[in-house]
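Asker: fold the following, please.
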Amino acid sequence: MDIQKVLGVDYGTKRVGLAVSDYTATIAQSLELIEKNSALSASEGDKVVVERIKSIVETQKVSAIVIGFPRHLDGRDGTLAGTIRAFAEQVKTAINVEVVFWDEWLTTSAAEKVLISANVSREKRKQKIDKLAATVLLQNYLDSRKKLGTQR
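Answerer: Below you'll find the predicted structure:
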């Protein structure tokens with residue numbers, strides 16, 4: 001059985017956190033944080049992010065991308081839902097792998113609690129939170145797939 005890695009994406013308007021699974025799609029680990037260039041338009045900034053993701057997919061042999069999707073408790077789409085859908089379309093057009101939305105509810109707050117408990121300063125938390133949120137998001141996805149008995 002040839003299982004490949006899964007990439008987790010925590011999309012933000014200023015930063016995009018990335019995490020990647022191991023080859024067994026069991027454990028998520030933080031990968032990197034992409035800072036968006038504020039001098040670029042949102043569309044141009046997203047193109048840069050998509051190109052970086054494409055490079056990671058190729059070098060890490062990623063077979064699926066999980067993008068955090070914002071939902072309210074009542075199931076309605078969150079504020080950035082339209083922006084994230086447009087970003088996901090760019091990803092799907094540029095990269096030939098499965099793209100999955102995953103509810104990102106509470107991933108950022110869970111990441112922040114971890115960083116606070118580790119006594120990470122407020123300034124350093126800003127630099128780490130999106131990457132850790134991507135890891136929490138991806139781990140939640142991997143755990144749910146394992147419970148359902150599916151690979152992806």
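
Asker: SS state for residue 82?
Answerer: Three-state call for residue 82 (DSSP: H, G, I helix; E, B strand; the rest coil): helix.

Asker: output the lowest mean pLDDT helix or strand found in this protein.
Answerer: Ranking every helix and strand in the chain by mean pLDDT, DSSP states H and E puts helix 107-117 at the bottom, with a mean of 62.

Asker: the closest residue in space to residue 42 that isn't next to it in sequence in helix, strand or coil?
Answerer: Sequence neighbours aside, residue 13 is the residue nearest to residue 42 in space, at 7.2 Å (criterion: Cβ to Cβ, 6 or more residues apart in numbering). From N, CA and C alone the C-beta is placed, and that goes for glycine too. Look at residue 13: counting by three-state DSSP, its state is coil.

Asker: how about the helices in this structure?
Answerer: Remark: helices assigned in the chain by DSSP state H are 42-60, 81-94, 107-117, 122-148.

Asker: and these: which comes nearest residue 27?
Answerer: Among the helices of the chain, the nearest to residue 27 by Cβ to Cβ is helix 122-148 (7.5 Å).

Asker: give me the low-pLDDT residue ranges for the protein?
Answerer: 1-3, 105-129, 147-152 (pLDDT under 70).

Asker: what number of residues lie near residue 39?
Answerer: Using other Cβ atoms under 10 Å, residue 39 is surrounded by 7 other residues.

Asker: thought the residue nearest to residue 42 was touching residue 80?
Answerer: Yes. Residue 13 lies in contact with residue 80 (Cβ atoms under 8 Å); the separation is 7.4 Å.

Asker: more neighbours: those two, which one.
Answerer: Set residue 13 next to residue 80 and count neighbours by other Cβ under 10 Å: residue 80 wins out with 16 against 12.
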